[in-house]
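K.L.:
Attaching a predicted model along with its sequence, questions to come.
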Amino acid sequence: MLRIYGSANSRALRVIWMAGELGLEYQHEDWLPRAPETQTPAYRALNANGRVPTIDDDGFILSESMAINCYLAQKHHSPLWPADLKQQALVLQWSLWETDRLDRQIVDYVRHTVALPSAERKADIAAANWKQVTPAFDVLETSLTASTWLIGEAFTVADVNVAGALYRALSIDLGQWPRLDHWLQRCWDRPAAKAARAMREK
């Protein structure tokens with residue numbers, strides 16, 4: 001059976017979402033990032049970085065949430081993984097783009113505007129990250145003028161990976177980016193996304 005290591009309050013959120021989209025049963029190790037369990041020799045043998053998420057799929061060990069989602073969709077022959085080679089490449093393009101342009105930046109922006117206690121927030125960190133977030137939002141807004149979803153008219157792993165990473169954007173006023181806002185809401189309105197979000201927000 002599939003085992004997912006990582007709390008929904010981590011990047012494992014997008015893996016839990018994907019497992020829901022695929023209707024998979026799994027065992028769940030609900031471990032936060034840097035939890036003591038992630039620093040044990042046993043877990044380090046699975047993921048030398050000591051980070052989450054990691055999966056153990058009947059003995060196949062894989063880390064990095066974007067890679068995990070691509071693997072699971074392909075293994076289970078899901079339509080979320082496109083059959084067309086060029087569209088597969090676009091799934092990878094968007095997933096890698098997000099990790100470079102938005103993943104850490106949006107986390108740090110939200111942390112230093114609303115998530116951290118007021119005394120721990122740093123306005124300069126928030127401002128520096130917002131300067132990187134806004135052009136990335138512009139890219140998404142432009143892309144979504146041409147198609148319903150990120151790579152066409154079908155919902156794919158690209159949408160799970162990018163929208164999953166943009167969970168924190170749900171708390172941001174996206175009025176300046178109406179297409180992005182509409183797309184993000186549609187992604188998170190999916191039943192599997194709602195179930196994953198409920199695990200995070202319980």
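P.N.:
Good, I have the coordinates.

K.L.:
where's residue 62 relative to residue 145, distance?
P.N.:
35 Å (Cβ to Cβ, to the nearest Å). All C-beta spots, glycine's among them, are computed from the backbone N, C-alpha and C.

K.L.:
what are the ranges of the helices in this protein?
P.N.:
12-22, 41-46, 65-75, 85-101, 103-110, 123-143, 157-165, 178-188, 191-201 (DSSP state H).

K.L.:
dump the residue contacts of residue 118.
P.N.:
Residues counted as contacts of residue 118 (Cβ atoms under 8 Å, 6 or more residues apart in numbering): none.

K.L.:
distance of it from residue 152?
P.N.:
Taken as Cβ to Cβ, the span from residue 118 to residue 152 is 43 Å.

K.L.:
still on that earlier bit, looking at residue 62 and residue 145 now, which is surrounded by more residues?
P.N.:
residue 62 (18 against 7; other Cβ atoms under 10 Å).

K.L.:
wait, what's in contact with the more buried one?
P.N.:
Counting by Cβ under 8 Å, 6+ apart, the residues that residue 62 touches are 54-55, 68, 71.

K.L.:
out of the helices of the chain, nearest to residue 33?
P.N.:
Checking the helices of the chain against residue 33 by Cβ to Cβ gives helix 12-22 as the closest, at 9.0 Å.

K.L.:
how about the helices of the chain in a markdown table, adding mean neighbour count, distance to residue 28 and mean pLDDT?
P.N.:
Shown next, in a markdown table, are the helices of the chain (neighbours: other Cβ atoms under 10 Å; distance: least, Cβ to Cβ, whole Å; pLDDT from 0 to 100):
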| stretch | mean neighbour count | distance to residue 28 | mean pLDDT |
| --- | --- | --- | --- |
| helix 12-22 | 25 | 8 | 98 |
| helix 41-46 | 12 | 15 | 97 |
| helix 65-75 | 21 | 14 | 98 |
| helix 85-101 | 16 | 23 | 98 |
| helix 103-110 | 19 | 22 | 96 |
| helix 123-143 | 15 | 30 | 98 |
| helix 157-165 | 26 | 16 | 98 |
| helix 178-188 | 17 | 20 | 98 |
| helix 191-201 | 16 | 9 | 97 |
